[in-house]
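Participant: let's see this in three dimensions:
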Amino acid sequence: MPTKPIVALTHCTEYREPVVAKAIARQFALLGGIERFIKRGDSVLLKPNFIAPKPRHCATQTDPAVIIETARILKDFGARPFVGDSPAWGDVFACAKVLGLEEPLKKLDVPIKQLDKPVRRKIAGANVGISSIALEADVIINLPKFKAHQQLVATFAVKNMFGCVSGKWKAYWHFAKGGNEKKFCKLIIEIYKLLNPALTIIDGVIAMDGPGPISGRARPLGWLIGGTEPMACEIVCSKLINLDCDKLPIVRTAKQIGFGCANFDDIEIAGDQFPKTVCTDFVPAEPIPIRFSLLRVCKSICKQMIGQIRRNITIIRRRK
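Facilitator: Numbering: from 1, shown residues only. Predicted coordinates for the structure are as follows:
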């Protein structure tokens with residue numbers, strides 16, 4: 001009989017570093033121990049959600065405490081973690097700066113890297129530019145944010161790996177594939193499968209509901225949710241907010257193509273007991289089309305180019 005996928009629940013109601021450190025360590029322990037996922041000396045990409053440079057109280061990005069304490073645990077184990085992403089708005093350095101991550105990570109000797117230098121991979125019938133920096137990591141640990149999403153209802157485990165698509169190509173794929181929900185979600189799933197994170201730990205201590213993934217409402221939820229099977233994590237997260245997981249386009253598509261776990265009853269919950277009373281006032285996002293207009297894609301590319309030019313000018317001035 002196949003083994004049930006395990007999803008680890010750790011109750012965590014605040015971002016004080018000792019509290020988060022204990023909760024993250026417990027996640028690793030519940031899922032088989034850090035040595036199950038990582039060897040000493042491994043290069044480990046910590047992939048947070050750095051969608052846009054907004055401060056931690058907005059709950060737009062993975063909270064800095066989750067990133068720092070995960071990095072600290074890996075450093076203590078003897079791994080070589082680095083934090084990387086390719087944000088939709090701004091760059092990874094702007095996103096890290098607004099979270100106050102630069103100095104803490106510098107003290108830990110944990111680099112921050114823009115997930116650029118794309119290489120083309122054939123994914124879901126398309127040639128997709130995936131960051132070579134992500135592909136070259138020995139291990140990836142996925143650290144997404146628990147958020148409502150106007151185009152995908154809510155995002156938990158799988159969508160975060162789309163951030164390994166370099167630069168504004170993410171906007172292009174919204175345009176090219178977004179006219180067909182199943183094709184777009186299959187692309188997202190296949191990117192996840194290619195990158196194959198060893199572990200996902202979802203930051204649901206403070207979640208986002210309403211018009212996510214950038215401008216929703218920060219609201220307490222009080223959970224870290226972890227696992228190695230992403231669809232099991234998606235289903236458990238949906239259950240925590242009383243959301244029918246079949247309303248999630250990514251879950252629907254996964255079931256149609258036979259990827260991952262399909263039912264809550266097939267999941268083993270480890271750690272803290274699943275709450276008898278789940279969150280019933282989580283406000284879903286008002287849906288908008290997945291597909292970006294060509295004008296939006298062009299505007300996005302122009303903004304990125306202008307931003308890069310400004311950053312280059314700043315670097316040149318500093319060197320003088």
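Participant: pLDDT weak spots in this protein?
Facilitator: Along the chain, segments meeting pLDDT under 70 span 1-2, 291-320.
Participant: hey, where'd the strands end up in it?
Facilitator: In the chain, the strands defined using DSSP state E lie at 6-11, 43-48, 80-85, 112-114, 118-123, 126-131, 139-143, 145-149, 153-155, 199-209, 217-227, 268-271.
Participant: in the first one, which residues are buried?
Facilitator: Neighbour-count burial for strand 6-11, with 16 or more other CB atoms under 10 Å as criterion, is recorded at 6-10. All C-beta atoms are positioned from the backbone trio N, CA, C, and that covers glycine.
Participant: so how far is it off the chain centroid?
Facilitator: With CA atoms, centre = their mean, to the nearest Å as the basis, strand 6-11 stands 17 Å off its chain's centre.
Participant: so who does the closest residue to residue 233 other than its chain neighbours touch?
Facilitator: Leaving aside its sequence neighbours, residue 233 sits nearest to residue 157 (CB to CB, 6 or more residues apart in numbering; 4.2 Å). Residues near residue 157 by CB atoms under 8 Å, 6 or more residues apart in numbering: 142, 144, 200, 202, 227, 230-231, 233-234, 237.
Participant: surely residue 128 touches residue 135?
Facilitator: No: assessed by CB atoms under 8 Å, residue 128 is found out of contact with residue 135, at 11.6 Å.
Participant: more neighbours: these two, which one.
Facilitator: Set side by side, residue 128 and residue 135 show more neighbours around residue 128, with 24 against 17, by other CB atoms under 10 Å.
Participant: who does the more buried one form a beta bridge with?
Facilitator: residue 121 (DSSP bridges).
Participant: need the contact list for it.
Facilitator: Residue 128 is in contact with 120-122, 165, 169, 173, 187, 191, counting by CB under 8 Å, 6+ apart.
Participant: make TSV from those residues and add neighbour count to it.
Facilitator: Shown next, in TSV, are the contacts of residue 128 (neighbours: other CB atoms under 10 Å):
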residue	neighbour count
120	10
121	15
122	10
165	24
169	17
173	24
187	23
191	22
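Participant: closest to residue 30 among those residues?
Facilitator: Comparing these against residue 30 with CB to CB picks out residue 191 as the nearest, at 27.0 Å.
Participant: was I right about the closest one contacting residue 123?
Facilitator: Yes: the criterion here is CB under 8 Å, and residue 191 meets it with residue 123 at 5.9 Å.
Participant: what is in contact with the two at once?
Facilitator: residue 130.
Participant: centre of the chain to stretch 146-164, how far?
Facilitator: That offset, for stretch 146-164, works out to 7 Å (CA atoms, centre = their mean).
Participant: tell me what residue 80 is bridged to.
Facilitator: Per DSSP bridges, the residues bridged to residue 80 are residue 43.
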